[in-house]
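1. After the sequence you'll find the predicted model.
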Amino acid sequence: FRRIALGAALAALLPLATPAVAADPIIIKFSHVVAADTPKGKGADHFKQLVEERTQGRVKVEVYPNSTLYKDKEELEALQLGSVQMLAPSLSKFGPLGLKEFEAFDLPFIFPDRNVLARVTEGPVGAGLFRKLESRGIVGLGYWDNGFKSMSANKPLRKTEDLKGLKMRIQSSKVLEGQMRAVGAIPQVMAFSEVYQALQTGVVDGTENTISNYYTQKAHEVQKHLTVSDHGYIGYAVITNKKFWEGLPPDLRATLEKAMQETTRYVNVIAKQENDDALAKIRAAGKTEIITLSAAERDAWRKAMLPVHKEMASRVGAETIAAIAKEAA
Ligand code: LMR
């Protein structure tokens, strides 16, 4: 009886004894369109883990993969409205916001390798693009890699002539539209979440993407041939709502910034391996012929697609293209 009475007395005292009732945590909804098991998906989960550990309950990061919360177009609108706090859209999806310069990353064969890419995103080009986001109420926090793109269809694509007349799904980028037209294909802009079904039902004949996106969306199950052409690049800008970001307590913002820098390094280290592993899995699944191009064949692809650089110079900015070319030289 005494123990119970003591317990009750302590319990009654408890609210007074606790110095301050912990405030509700700040919630960061991080929405994205790809699977959790991809470079971007793993990055979002890594960021969540670092932030929640280091802020000890003050910040909670809710990750929504696979377009479960928003599809491509809606997610950008939701971020601007403040319904979601963080996204990592591919750099090919900023054109519809009027930020055409981002589409420079879509120019075929512009990046010879990942080192050039890193110099571009970490240098003045990367910083300049992030400055442009501010006028849209957005802050750029980091550039995350995915990798180089392959091209697929239900017929072998060895020469660019093989693409003639095929309906090809692309992201919402005029440069990608130009690239497909340059080889005689018919580009179809479509949300990422709709690609599998469109391929399965024949609404489109083929598509382009990184290998990790092909594998995790099971696109290889509905595409008989996959050409590892590495003709273009997919990477991401991790972005947040400016008002939300600037309204955070400065100590928390600093913790989040550091977690983002570390996550960026993590993603950019794992991205290539993730794509290599995905290729091995597609090969093992045995449903898709994997075509690799000889140096001469790949050079023919480059020649066929290169006119897009000139054609799109006025859209994405000749200076941006020149700045990238300088890093590649
Ligand atoms: C796509 O739409 O194909 C990609 O941007 C998806 C992604 O986010 O990697």
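-> Okay, I see it. Numbers count the residues shown, from 1 in each chain.
2. Can you show me the helices along the stretch 201-329 of the chain?
-> 211-216, 242-246, 250-285, 295-305, 307-311, 313-316, 318-328 (DSSP state H, counting those that start in this stretch).
3. same question but for the stretch 51-200 of the chain, I mixed them up
-> Going by DSSP H, counting those that start in this stretch, the stretch 51-200 of the chain shows helices at 72-81, 114-122, 124-134, 174-182, 195-201.
4. Check what contacts the first one and list those residues.
-> In this structure, residues lying in contact with helix 72-81 by Cβ atoms under 8 Å, 6 or more residues apart in numbering are 31-33, 69-70, 84-87, 89, 93, 96-97, 136-138, 171-172, 191-193, 239-241. All C-beta spots, glycine's among them, are computed from the backbone N, C-alpha and C.
5. coming back round to it: need the helices of the stretch 201-329 of the chain in JSON lines (columns: distance to the ligand, mean pLDDT and mean neighbour count).
-> JSON lines is the format used below for the helices of the stretch 201-329 of the chain (distance: least, Cβ to the nearest ligand atom, whole Å; pLDDT from 0 to 100; neighbours: other Cβ atoms under 10 Å):
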{"stretch": "helix 211-216", "distance to the ligand": "5", "mean pLDDT": "98", "mean neighbour count": "26"}
{"stretch": "helix 242-246", "distance to the ligand": "21", "mean pLDDT": "98", "mean neighbour count": "15"}
{"stretch": "helix 250-285", "distance to the ligand": "11", "mean pLDDT": "98", "mean neighbour count": "17"}
{"stretch": "helix 295-305", "distance to the ligand": "18", "mean pLDDT": "98", "mean neighbour count": "14"}
{"stretch": "helix 307-311", "distance to the ligand": "18", "mean pLDDT": "97", "mean neighbour count": "16"}
{"stretch": "helix 313-316", "distance to the ligand": "17", "mean pLDDT": "97", "mean neighbour count": "16"}
{"stretch": "helix 318-328", "distance to the ligand": "20", "mean pLDDT": "92", "mean neighbour count": "16"}
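6. excluding its backbone neighbours, what's nearest the residue in the stretch 101-250 of the chain that the ligand sits nearest to?
-> Evaluated by Cβ to the nearest ligand atom, the stretch 101-250 of the chain has residue 192 as its residue closest to the ligand, separated by 3.4 Å. With sequence-adjacent residues excluded and distances taken as Cβ to Cβ, 6 or more residues apart in numbering, residue 192 is closest to residue 33, at 4.6 Å.
7. surely the one you found meets residue 193?
-> Yes. Counting by Cβ atoms under 8 Å, residue 33 does reach residue 193; the two are 6.2 Å apart.
8. For this protein, list the residues in contact with the ligand, please.
-> Counting by Cβ under 6 Å from any ligand atom, the chain comes close to the ligand at 33, 34, 40, 90, 146, 171, 192, 209, 213, 234.
9. mind listing what the first one touches?
-> The reference is to residue 33. Residue 33 touches 65, 66, 67, 71, 72, 75, 89, 191, 192, 193, counting by Cβ under 8 Å, 6+ apart.
10. Quick one: buried ones out of these?
-> 65, 66, 67, 72, 75, 89, 191, 192, 193 (16 or more other Cβ atoms under 10 Å).
11. okay, the residue nearest to the fourth one when sequence neighbours are not counted: pLDDT?
-> Distance criterion Cβ to Cβ, 6+ apart; nearest residue to residue 72, sequence neighbours excluded, is residue 191 at 4.6 Å. Reported pLDDT at residue 191 in the predicted model: 97.
12. now swap in residue 329 and tell me
-> At residue 329, the model reports a pLDDT of 86.
13. how many other residues sit next to it?
-> By other Cβ atoms under 10 Å, 7 other residues sit near residue 329.
14. how close does it sit to the ligand?
-> Going from residue 329 to the ligand by Cβ to the nearest ligand atom, to the nearest Å gives 28 Å.
15. And for residue 73?
-> For residue 73, the distance to the ligand equals 11 Å [Cβ to the nearest ligand atom].
16. Around that residue, how many other residues sit close by?
-> Neighbours around residue 73, by other Cβ under 10 Å: 14.
17. buried ones in stretch 73-83?
-> Going by 16+ other Cβ under 10 Å, stretch 73-83 has these buried residues: 75, 76, 78, 79, 80.
18. Which of those residues sits closest to the ligand?
-> Nearest to the ligand among the buried residues of stretch 73-83, with distances taken as Cβ to the nearest ligand atom, is residue 75, at 10.0 Å.
19. who touches both of residue 33 and residue 193?
-> The contact sets of residue 33 and residue 193 overlap at 66, 67, 71, 72 (Cβ under 8 Å, 6+ apart).
20. give me phi/psi at the third one?
-> As for residue 71, its main-chain torsions (degrees, to the nearest 10) stand at phi -90, psi 180.
21. who's in contact with the closest residue to it other than its chain neighbours?
-> Leaving aside its chain neighbours, residue 71 sits nearest to residue 191 (4.5 Å; criterion: Cβ to Cβ, 6+ apart). Taking Cβ under 8 Å, 6+ apart as the criterion, residue 191 is in contact with 33, 67, 71, 72, 73.
22. can you do 10 Å?
-> 33, 67, 70-75, 93, 169, 171-172, 198 (Cβ atoms under 10 Å, 6 or more residues apart in numbering).
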